[in-house]
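Undergrad: kindly generate the corresponding structure for this input.
(chains A and B)
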There are 2 protein chains.
Amino acid sequence: MKTAIIGLGLIGGSFALSLKDKGLSDHIWGVEQSERNAQKALELGLVERICTLDEALAECKLIVLATPVDTIPKLAIKILNRIRPDQILMDMGSTKQELCEMTMMHPNRGRLVASHPMWGTENSGPEAALHGAFKGRTVVICNCEQSDQDALQVVEDIYRELQMPILHMSAEDQDMHCAYISHISHITSFALALTVLEKEREEEHIFDLAGGGFESTVRLAKSLPQTWAPIFLENKYNVLDVLREHIHQLQILRRMIERDDREGLMEAMQRANKIREILK
Amino acid sequence: MKTAIIGLGLIGGSFALSLKDKGLSDHIWGVEQSERNAQKALELGLVERICTLDEALAECKLIVLATPVDTIPKLAIKILNRIRPDQILMDMGSTKQELCEMTMMHPNRGRLVASHPMWGTENSGPEAALHGAFKGRTVVICNCEQSDQDALQVVEDIYRELQMPILHMSAEDQDMHCAYISHISHITSFALALTVLEKEREEEHIFDLAGGGFESTVRLAKSLPQTWAPIFLENKYNVLDVLREHIHQLQILRRMIERDDREGLMEAMQRANKIREILK
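TA: Numbers count the residues shown, from 1 in each chain, chains lettered A, B, ... in the order given. Next comes the predicted model:
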């Protein structure tokens, strides 16, 4: 099988490595707007060659969209317009409602498999691509009843080979759950970095004093704005809903600290501790 | 040198291991209120024996306070009341203003070295103690001009042996910087866990979908309320100040998302990205 990956950043690059490492694709080509990233991806051996979208459509059985989420629906439509019945389009974006809505009536909708592998790091670009990145992570496949059976089969077989548990979900549910579990973490982390940069004018103190706790909560603030601004905006209503709740929880904690309400604080933190059981 | 460690949790237990591993103390005793933790610490070989505070004061040259921060000032005064001129008291708490203020006029203040090693994990109790925990982490020593030269020397030599860079700071400065860099991370993480537990009623989805990003931002929410409630309250004014700024930053991001202000979001996130250069 010949594969084209559109967007050779962290996700596309890591997917290329996974396909290659598992022998799931004989030839992996890349489509990449950025000259620098294209060059880097070739140097790193992520892809065999860089091609145009036209070449990808002419030659490849599997086409993978791994670009920022705001570009995915448009690209998907343009590709579906020209896709052959033996070809498969999949995406790897973090939001799904817009994509599924934009393509729902497309006569070739069946060739699309809308998926979201739950993996990422704060790093970006082809040089951030990792071997074995997706192993053990859940992948969400959305509105799978709209995908052709054969297309779904191919994509699910790939994810299974990568040892990823598959979860089926509506695009609406996936975007809501991801707002809770992924997108809010990024917003919090960005806001925390801005807070500390705002308050802590003496930068060497941040460096000297930052313990492991700070580094882990602020890690996601290193993430690429080009990736995350589109995610927050595409998933606007869910993100705003969770953000409202998060600010509310912070205000409750603030009020308890103001009032020296030790008992209230202890009780809230004990409730928060429950996350330990859920995560392990 | 015979050492007594008061409080055999994560910090006290790890310090015991470090002293032993580096051969810095011939005998390490422990003082521990909790029967369970005392037993566990013995089983794990963190300390040679459990003793009373009286025994510690009679026999040990170095006495280490590693209990929750709200108990440290009182314990410090009681110990300073009875300390001999050849004995040294040090603490390892995360806040310092209250301790330094409560002890500043004590005739034996010189025997106290107020220190804060910048290390911790979300785990607690003697079983959370780790070998080599403090290595490479900064330790802050506060108001060192109030410590006797010989006492300061002994404590700094220990931290140097543990390969910890030493930073001297006033108690006021240390509490302010730690609010920015450590305490706020914990509050954010607790609030994030509460948000997700509140919104995400279907717990198996948290478990299935939580990627690495969520786990790292919410990790600190597993921390012990008995440790952290006192820290937030002892450092109340600094913590409230940073918390106010953090909520403000979240509200700015929220407003930008509401207004589809992609440019504003990108610019804010690019500013937040600066944390990458500072941390590495």
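
Undergrad: could you pull out the strands in chain A for me?
TA: Secondary structure of chain A (DSSP state E): strands located at A:2-6, A:27-31, A:49-50, A:62-65, A:88-91, A:112-117, A:139-142, A:166-169.

Undergrad: any idea how far the residue nearest to A:Ala4 when sequence neighbours are not counted is from chain B?
TA: Leaving aside its chain neighbours, A:Ala4 sits nearest to A:Ala56 (3.4 Å; criterion: C-beta to C-beta, 6 or more residues apart in numbering or on different chains). (C-beta placed from N, C-alpha, C; glycine too.) Taking C-beta to the nearest C-beta, to the nearest Å as the measure, A:Ala56 falls 28 Å from chain B.

Undergrad: lowest average confidence, helix or strand, in chain A?
TA: Counting by mean pLDDT, DSSP states H and E, chain A has its least confident helix or strand at helix A:203-209, which shows a mean of 74.

Undergrad: kindly state the beta-bridge partners for A:Cys142.
TA: A:Ala114, A:Met169 (DSSP bridges).

Undergrad: list the buried residues of the least confident helix or strand of chain A.
TA: For helix A:203-209, the neighbour count (16 or more other C-beta atoms under 10 Å in any protein chain shown) marks A:His205, A:Ile206, A:Asp208, A:Leu209 as buried.

Undergrad: CSV for the residues you listed, including distance to chain B?
TA: Compiled in CSV, the buried residues of helix A:203-209 are given as follows (distance: C-beta to the nearest C-beta, whole Å):
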residue, distance to chain B
A:His205, 5
A:Ile206, 5
A:Asp208, 5
A:Leu209, 5
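
Undergrad: one step back: tell me what the least confident helix or strand of chain A is packed against?
TA: helix B:171-178, helix B:262-279 (3 or more C-beta pairs under 8 Å, 6 or more residues apart in numbering or on different chains; DSSP states H and E).

Undergrad: can you read off the pLDDT for the residue nearest to A:Arg49 when sequence neighbours are not counted?
TA: In space, A:Arg49 comes closest to A:Trp29 once its chain neighbours are excluded; the distance is 5.4 Å by C-beta to C-beta, 6+ apart. Note for A:Trp29: predicted pLDDT of 98.

Undergrad: A:Trp29 bridge partners, please.
TA: Residues in a beta bridge with A:Trp29, per DSSP bridges, are A:Ala4, A:Arg49.

Undergrad: pretty sure A:Ser14 contacts A:Leu130?
TA: Yes - contact criterion C-beta atoms under 8 Å: A:Ser14 and A:Leu130 qualify, at 5.3 Å.

Undergrad: and those two? Which one has more around it.
TA: The neighbour comparison of A:Ser14 against A:Leu130 (other C-beta atoms under 10 Å in any protein chain shown) goes to A:Ser14, with 26 against 14.

Undergrad: need phi/psi at the nearest residue to the more buried one once chain neighbours are set aside.
TA: Nearest residue to A:Ser14, sequence neighbours excluded (C-beta to C-beta, 6+ apart): A:Ala133, at 3.8 Å. The phi/psi pair for A:Ala133 (degrees, to the nearest 10) reads phi -60, psi -40.

Undergrad: tell me the buried residues in stretch A:113-128?
TA: A:113-122, A:124-126, A:128.

Undergrad: now that stretch, how far from the centre of its chain.
TA: Centroid displacement of stretch A:113-128 relative to its chain, using C-alpha atoms, centre = their mean, to the nearest Å, is 5 Å.

Undergrad: tell me the mean pLDDT for it?
TA: The pLDDT scores in stretch A:113-128 average 95.

Undergrad: just want the angle from the helix ranked longest in chain A to helix A:171-178.
TA: Using DSSP state H, we find that the single longest helix of chain A is helix A:236-258. For helix A:236-258 and helix A:171-178, the angle between their directions (axes from the mean of the first three to the mean of the last three C-alpha atoms, to 10 degrees) works out to 20 degrees.

Undergrad: so is helix A:236-258 next to chain B?
TA: Yes - contact of helix A:236-258 with chain B (C-beta under 8 Å from any C-beta of the partner chain) involves A:236, A:239-247, A:249-251, A:253-254, A:257-258.

Undergrad: in contact with the residue nearest the centre of chain A, which residues are there?
TA: By C-alpha atoms, centre = their mean, chain A has its centre lying nearest to A:Ser94, at 4.0 Å. A:Ser94 is in contact with A:Val69, A:His116, A:Gly120, A:Cys178, A:Ser182, A:His183, A:Ile231, A:Asn235, counting by C-beta atoms under 8 Å, 6 or more residues apart in numbering or on different chains.

Undergrad: got those residues as TSV, with distance to chain B columns?
TA: Converted to TSV, these look like this (distance: C-beta to the nearest C-beta, whole Å):
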residue	distance to chain B
A:Val69	12
A:His116	9
A:Gly120	6
A:Cys178	7
A:Ser182	6
A:His183	9
A:Ile231	10
A:Asn235	9
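
Undergrad: widest-spaced pair of those?
TA: Across the contacts of A:Ser94, no pair lies farther apart than A:Gly120 and A:Asn235, at 14.9 Å, counting by C-beta to C-beta.

Undergrad: just give the nearest non-adjacent residue to A:Phe207, would you?
TA: Distances taken as C-beta to C-beta, 6+ apart place B:Ile278 nearest to A:Phe207, at 5.6 Å, with adjacent residues excluded.

Undergrad: swap that for A:Leu80, sorry
TA: Per C-beta to C-beta, 6+ apart, closest to A:Leu80 is A:Asn108, 4.3 Å.
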